[in-house]
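*Asks:* Return atomic coordinates for the entry below.
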Amino acid sequence: MFEIESEENVSTIVRIEVGRFDYDFVGEFKFFKPGPDGVVRRPSVLVRITDEDGRMGWGQAVPVPTWTYETVESVQSTLEIYLAPAVLGADPADFEDIHERMEHAIKPAFTVGQPLCKAAIDMACYDLAGVQQEKPVYELLGGAEMRSLKLNWTVNSMDMAVVEEQLEQGRARGYHHYTVKVGPPQKPEYDLALIKKIREYASESFLWADANTGYSLDTALETIPRLADAGLQVLESPLPPHQFRGYQALMRQGAVRIFMDEGIISPAEVAEFIALGMFDGITMKPARCAGIFYSQQIIRMLKDNHLAILGSGLTDPDISLAAALHLFAWAGITRPCALNGPQFLANTLVASDFLPSGGEMRIPDGPGFGVEMSEQAEAVLKIAAER
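*Replies:* Numbers count the residues shown, from 1 in each chain. Modelled structure (predicted):
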């Protein structure tokens, strides 16, 4: 089974705390816009779960309404009013029961309801289960031979001079592989020039582009072969996820490997998409897939069907980043992962050193996620439910 068997003496959840923390943002990224004060920030909602023995696990939701329909306000209120009371008294290591409780509180529609919100509870339970069993999360999942992951540097700008600066910044920090944002508001000709520029700059780089569902089918069919000729290896999310026949047409064209991201939430729709032959692989984001529980199931489905897996995120900070590292290490993802939180976020709530080195990031090996949160993280928390 996918859940971890609980110890004989189960120590159940007795307190759930919730709090918002916004990270300072650096650089240019089209999905993050200035607030009313003109400052760009990366919002997040922290969750801390405590068991009967006083042991604690941390989780984090990372909503961005330009990426997903969930806002930081909707996540915080849903956690406080609905999800925290729902999981009170549960065994944190019974992940199936945790998700059933959350699905009962917030029903799904086409797929999981408010998956980014539920990811925070899921992560906190995995972290706490690891602390309870004195094991890192990757061991709870089944083990991992990898102790670090390669990272991609994100390139995104409508100004080629800025692109050149971004490439130099990545190289200066030890990165050798790149993820590039394509699609509107950029024109296809600019996208082509962008791929050529990066391929010339880093001829040996693993180069994937992410259109974030921005192309029309006609534009994709015309543009993708040209991008492939310029050196593109993978195109992520060229179309909206409901365009099933469009994805099938791109697969028939076969110009470049097609990956899906948006629309990938739970194993249910993934099984249908696999049966319909809509992609070569999936770019996994546990923060979008309601956490680790469903993500592990999806990865197993992909492996069983001989489909590819890439690792990515939602500009994840701290706990959300640590959760992705543990999952991807268990999955054995050797391609560079697009985990760009360290690239764009200026501060951290982790008390210990938790930064990339030479374009790679170490997998923490302490109990749970293996990261210690600072007093600043604790200061934003308020009790949402307690026994």
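*Asks:* For the helix ranked longest in the chain, output the C-alpha coordinates as CSV.
*Replies:* Counting residues, the longest helix in the chain under DSSP state H turns out to be helix 115-133. In CSV, the C-alpha atoms belonging to helix 115-133 read as follows (Å, rounded to 0.1, in the frame of the first residue of the first chain):
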residue,chain,number,x,y,z
PRO,A,115,-5.1,20.5,-3.8
LEU,A,116,-2.5,23.2,-2.9
CYS,A,117,-4.3,23.7,0.4
LYS,A,118,-4.4,20.0,1.1
ALA,A,119,-0.7,19.7,0.3
ALA,A,120,0.1,21.6,3.5
ILE,A,121,-1.7,19.0,5.7
ASP,A,122,-0.2,16.1,3.7
MET,A,123,3.4,17.4,4.0
ALA,A,124,3.0,18.1,7.7
CYS,A,125,1.8,14.5,8.3
TYR,A,126,4.7,13.0,6.3
ASP,A,127,7.1,15.2,8.3
LEU,A,128,5.6,14.2,11.6
ALA,A,129,5.5,10.5,10.6
GLY,A,130,9.2,10.7,9.9
VAL,A,131,9.9,12.3,13.2
GLN,A,132,7.8,9.7,15.0
GLN,A,133,9.7,6.9,13.3
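*Asks:* where does that helix sit relative to the chain's centre, distance-wise?
*Replies:* Between the centre of helix 115-133 and the centre of its chain there are 14 Å (C-alpha atoms, centre = their mean, to the nearest Å).
*Asks:* tell me what the next helix or strand after it is packed against?
*Replies:* Remark: after helix 115-133, the chain's next helix or strand is helix 137-141, criterion DSSP states H and E. Applying 3 or more C-beta pairs under 8 Å, 6 or more residues apart in numbering; DSSP states H and E, one finds that helix 137-141 makes contact with helix 115-133, helix 292-304, helix 318-331. For the C-beta atoms, the positions are set from N, CA and C on the backbone; glycine is no exception.
*Asks:* between those helices, which gets nearest to residue 151?
*Replies:* Closest to residue 151 of the helices and strands packed on helix 137-141, according to C-beta to C-beta: helix 318-331, at 10.1 Å.
*Asks:* So which elements touch the very next helix or strand once past the closest one?
*Replies:* Sequence order places helix 341-344 as the next helix or strand after helix 318-331, per DSSP H and E. If you count contacts as 3+ C-beta pairs under 8 Å, 6+ apart, helix 341-344 packs onto strand 153-155, helix 318-331.
*Asks:* quick one, domains of this structure?
*Replies:* If you go by automatic domain parsing, the domain ranges for the chain are 13-134+374-386, 140-362.
*Asks:* what's the first-to-last distance across the shortest one?
*Replies:* Going back to what we said before, that points to domain 13-134+374-386. 9 Å (C-alpha to C-alpha, to the nearest Å).
*Asks:* What is the distance between it and the centre of its chain?
*Replies:* 14 Å.
*Asks:* For residue 184, which non-adjacent residue is closest in space?
*Replies:* Spatial nearest neighbour of residue 184, excluding adjacent residues (C-beta to C-beta, 6 or more residues apart in numbering): residue 214 at 4.5 Å.
*Asks:* and that neighbour, what does it touch?
*Replies:* Residues in contact with residue 214 (C-beta atoms under 8 Å, 6 or more residues apart in numbering) are 182-184, 238.
*Asks:* quick revisit: may I see the helices and strands packed on helix 137-141 arranged in JSON lines, with mean neighbour count, mean pLDDT and distance to residue 352 as well?
*Replies:* What follows is those, written out as JSON lines (neighbours: other C-beta atoms under 10 Å; pLDDT from 0 to 100; distance: least, C-beta to C-beta, whole Å):
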{"stretch": "helix 115-133", "mean neighbour count": "28", "mean pLDDT": "98", "distance to residue 352": "15"}
{"stretch": "helix 292-304", "mean neighbour count": "20", "mean pLDDT": "98", "distance to residue 352": "21"}
{"stretch": "helix 318-331", "mean neighbour count": "27", "mean pLDDT": "98", "distance to residue 352": "11"}
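*Asks:* Please name whichever of the ones you listed is nearest to residue 234.
*Replies:* Of these, nearest to residue 234 by C-beta to C-beta is helix 292-304, at 14.5 Å.
*Asks:* And for the closest one, what's in contact with it?
*Replies:* By C-beta under 8 Å, 6+ apart, the residues outside helix 292-304 that reach it are 2-3, 95-96, 98-99, 112, 122-123, 126, 137, 141, 264-267, 270-271, 274, 281-282, 284-286, 289, 308-309, 323, 326-327, 330-331.
*Asks:* what residues are up against residue 314?
*Replies:* Per C-beta under 8 Å, 6+ apart, neighbours of residue 314: 62, 64, 67-68, 116, 285, 287-288, 320.
*Asks:* The longest helix of the chain vs helix 292-304, what angle?
*Replies:* 100 degrees (axes from the mean of the first three to the mean of the last three C-alpha atoms, to 10 degrees).
*Asks:* who does helix 115-133 touch, helix- and strand-wise?
*Replies:* Using 3+ C-beta pairs under 8 Å, 6+ apart: helix 115-133 touches strand 41-51, strand 56-61, helix 72-78, helix 95-105, helix 137-141, helix 292-304, helix 318-331.
*Asks:* what would these look like in a markdown table with distance to residue 258?
*Replies:* A markdown table is the format used below for the helices and strands packed on helix 115-133 (distance: least, C-beta to C-beta, whole Å):
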| stretch | distance to residue 258 |
| --- | --- |
| strand 41-51 | 29 |
| strand 56-61 | 29 |
| helix 72-78 | 30 |
| helix 95-105 | 29 |
| helix 137-141 | 27 |
| helix 292-304 | 14 |
| helix 318-331 | 20 |
